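predicted model follows, preceded by the sequence.
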Amino acid sequence: MSYALNMLEPIQNIVNAISGVVAIRVNVERYMGLMNTTGEVFDSEEVIEKYGDAFNEKRENWESLTGDIEFENVTFKYPDGDETVLEDFNLKVPRGTMTAIVGETGAGKSTLVNLVCRFFEPTKGRVLLDGRDIKERSLSWLHSNLGYVLQTAHLFSGSIRENLKYGNPHATDEEILKVLENVAPGFAAKKLKKGLDTAVEEGGDNFSAGEKQLLSIARALLADPRILILDEATAAIDSVTEKTIQEAIKTAIKGRTSFVIAHRLSTIVNADLIILVNEGRIVESGSHAELMRKKGEYYKLYTRQYEAISVDM
Ligand SMILES: Nc1ncnc2c1ncn2[C@@H]1O[C@H](COP(=O)(O)OP(=O)(O)OP(=O)(O)O)[C@@H](O)[C@H]1O
Ligand SMILES: [Mg+2]
């Protein structure tokens, strides 16, 4: 019995080791899979030569951006999609102006701004920044000039400070609080019990949809970008928060070239240009007053939404 028991233990050890190896294999495969992913968008050799890459930014060569944006005959299809989302799209956005993009879900609004962020590249045609092809300068340069508030505001677990600093790692506490106060006066004092140390739960679950949006606007502004993109969340928010967010947007866009994708049209009545997109094409464009006078699609959309609000109340 004693000899037999002595044999049992080493066998047990061997079995454990084998199952350990199997587990490692799975992890190694996942790790290698992740590390081998290449992005679809990358800088060319010449661009890296001149502007540096993400690890070695040659900031001395970075030109400052004034913020003129142009879409030139842009045709676009998602790499894994089979439909052409944009076809021969043209649009000129002068520096410092606010362009609002409205349209039904799936119209191509987010796609348009994704191209400005160079998350994807046009299948045909060009996107120009200050008159130069967006590809001529590095991704790091572009992203240092760009603030993006995503349709799905993302907060990760950690403190408010960590969540906001993500927009600009060099920001000091005073700078963070100042931006926060500009975006949403009184918010920090009222809602952040422990100031910037206030904890954020995974996905920002301890904040409402509206608050998350305010925080992500603050995060985008911390980098003081030349171009600001706001993809408004569709989530329903109460009318007080809506008002606060509208004010926040008004502050945010001052002096920047901005794209605002709005689902609540009240947000964008002051835009310099409103474009109504449908199936990747501009159906109507102009200022709010012009489009209302025209009594076309935008007029219909606006009055319908207004009626819906009246019924709600
Ligand atoms: N990553 C992707 N891969 C493939 N197709 C996509 C991808 N993202 C969007 N699409 C497709 O492109 C079209 C336009 O999508 P887009 O996200 O630009 O719409 P949207 O106007 O922003 O809509 P919403 O108001 O719902 O945000 C849709 O038909 C969609 O199915
Ligand atoms: Mg969208």
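Structure's in. What do you need? Numbering: from 1, shown residues only. Ligands and ions are numbered 1, 2, ... in the order given.

what about the strands in the stretch 101-250 of the chain?
Ranges of strands within the stretch 101-250 of the chain are 124-129, 132-133, 146-149, 158-159, 199-200, 227-231, based on DSSP state E, counting those that start in this stretch.

now render those strands as CSV, adding mean neighbour count and mean pLDDT.
All C-beta atoms are positioned from the backbone trio N, CA, C, and that covers glycine. What follows is the strands of the stretch 101-250 of the chain, written out as CSV (neighbours: other C-beta atoms under 10 Å; pLDDT from 0 to 100):
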stretch, mean neighbour count, mean pLDDT
strand 124-129, 18, 95
strand 132-133, 12, 94
strand 146-149, 22, 90
strand 158-159, 15, 92
strand 199-200, 16, 90
strand 227-231, 24, 92
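
let me have the ones you listed in TSV, extended by distance to residue 170.
Formatted as TSV, those follow (distance: least, C-beta to C-beta, whole Å):
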stretch	distance to residue 170
strand 124-129	24
strand 132-133	27
strand 146-149	15
strand 158-159	17
strand 199-200	21
strand 227-231	19
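
who touches the residue in the stretch 151-300 of the chain that ligand 1 sits nearest to in this structure?
Going by C-beta to the nearest ligand atom, ligand 1 is nearest to residue 151 of the stretch 151-300 of the chain, at 5.7 Å. Listed by C-beta atoms under 8 Å, 6 or more residues apart in numbering, the contact set of residue 151 reads 110, 231-234, 261.

for these, which one is nearest residue 68?
residue 261 (19.9 Å; C-beta to C-beta).

partner residues bridging that closest one?
residue 101, residue 231 (DSSP bridges).

count the residues that sit near it.
By the criterion of other C-beta atoms under 10 Å, residue 261 has 24 neighbours.

cool, and residue 185?
Number of residues near residue 185 (other C-beta under 10 Å) recorded here: 14.

quick one, phi/psi of it?
phi -60, psi 130 (degrees, to the nearest 10).

I'd like to know how many residues surround residue 134.
21.

for the nearest residue to it once chain neighbours are set aside, what are its contacts?
Closest residue to residue 134 apart from its sequence neighbours, by C-beta to C-beta, 6 or more residues apart in numbering: residue 127 at 4.6 Å. Contacts here follow C-beta under 8 Å, 6+ apart; on that basis residue 127 touches 69-72, 74, 115-116, 118, 133-134.

and the buried ones among the residues you listed, selectable in ChimeraX?
In ChimeraX, this line selects whichever of these come out buried by 16 or more other C-beta atoms under 10 Å:
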select :69,70,71,72,74,115,116,118,134
